[in-house]
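Peer 1: Turn this into a structure:
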Amino acid sequence: MNFLNKKKNMKKQEENNSVQEEMKNTGEASAVEEQSLPDAEKAEASPEAKLEVELSESRDKYLRLYSDFENYKKRIARDRIESAKMAGADIFLSILPVMDDLDRAIKAMKDSGDVEAVKEGLILIHNKLKSTTEAKGLRPMESIGKIFDAELHDAITNVPAPSEEMKGKVVDEIEKGYYLNDKVIRHAKVIVGS
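Peer 2: Sure, this is the predicted structure:
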């Protein structure tokens, strides 16, 4: 630190010397001599000057800290936006092989006349997709035969219950509901027995 301060003082002295040369030529040498003193020497000259130097240094430190903090806030905001954009990247990367399989299955359906082979292929792809999503925490909701729960189900309509024990329970499921890590992300659309 002392080396840097000395280097700064030397640089200021050189600048002041060049200014003094110009001022001597114009007759203002006395005003420049006072300016040519390094900050440390000015501080020794008077207590006010010492306080001025300390105040100047404190302001400089404050401005640097403020600037660093503002840059930090901007960087964090950028990182948060970038993180939100890329949040689902790992899920999509795990689903891409399933999409490749579906593309191959569609291509095979055009060329093949064997319906059973196509069915088996589609069932394999469905099972692969199901296992991939379950590995990421997605779990289908079991609704049929369960008591209707407004927290889990969206009732589409009521139908007469096929038996007395099915009253107030889910008779049929129009659209499956799903949990993601034990939190409902899609309610099941169901038909309730009345």
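Peer 1: Which residue ranges make up each domain of this protein?
Peer 2: 37-86, 88-136, 140-194 (automatic domain parsing).
Peer 1: gap between the first one and the chain center?
Peer 2: Distance, stretch centre to chain centre, for domain 37-86: 28 Å (Cα atoms, centre = their mean, to the nearest Å).
Peer 1: now it: mean pLDDT?
Peer 2: In this model, domain 37-86 carries a mean pLDDT of 85.
Peer 1: count of residues packed around V190?
Peer 2: Using other Cβ atoms under 10 Å, V190 is surrounded by 26 other residues. Yep, even glycine has a C-beta here, placed from its N, CA and C like the rest.
Peer 1: wait, doesn't it sit right on L152?
Peer 2: No - in this structure, V190 is not within contact of L152 by Cβ atoms under 8 Å, at 9.0 Å.
Peer 1: Contacts for stretch 128-139, please.
Peer 2: In this structure, residues lying in contact with stretch 128-139 by Cβ atoms under 8 Å, 6 or more residues apart in numbering are 90-91, 94-95, 97-98, 101, 178-182, 185.
Peer 1: Neighbour count and secondary structure added to those residues, as a markdown table?
Peer 2: Formatted as a markdown table, the contacts of stretch 128-139 follow (neighbours: other Cβ atoms under 10 Å; DSSP: H, G, I helix; E, B strand; the rest coil):
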| residue | neighbour count | secondary structure |
| --- | --- | --- |
| D90 | 10 | helix |
| I91 | 14 | helix |
| S94 | 14 | helix |
| I95 | 16 | helix |
| P97 | 13 | helix |
| V98 | 18 | helix |
| D101 | 17 | helix |
| Y178 | 16 | strand |
| Y179 | 15 | strand |
| L180 | 13 | strand |
| N181 | 9 | coil |
| D182 | 7 | coil |
| I185 | 13 | strand |
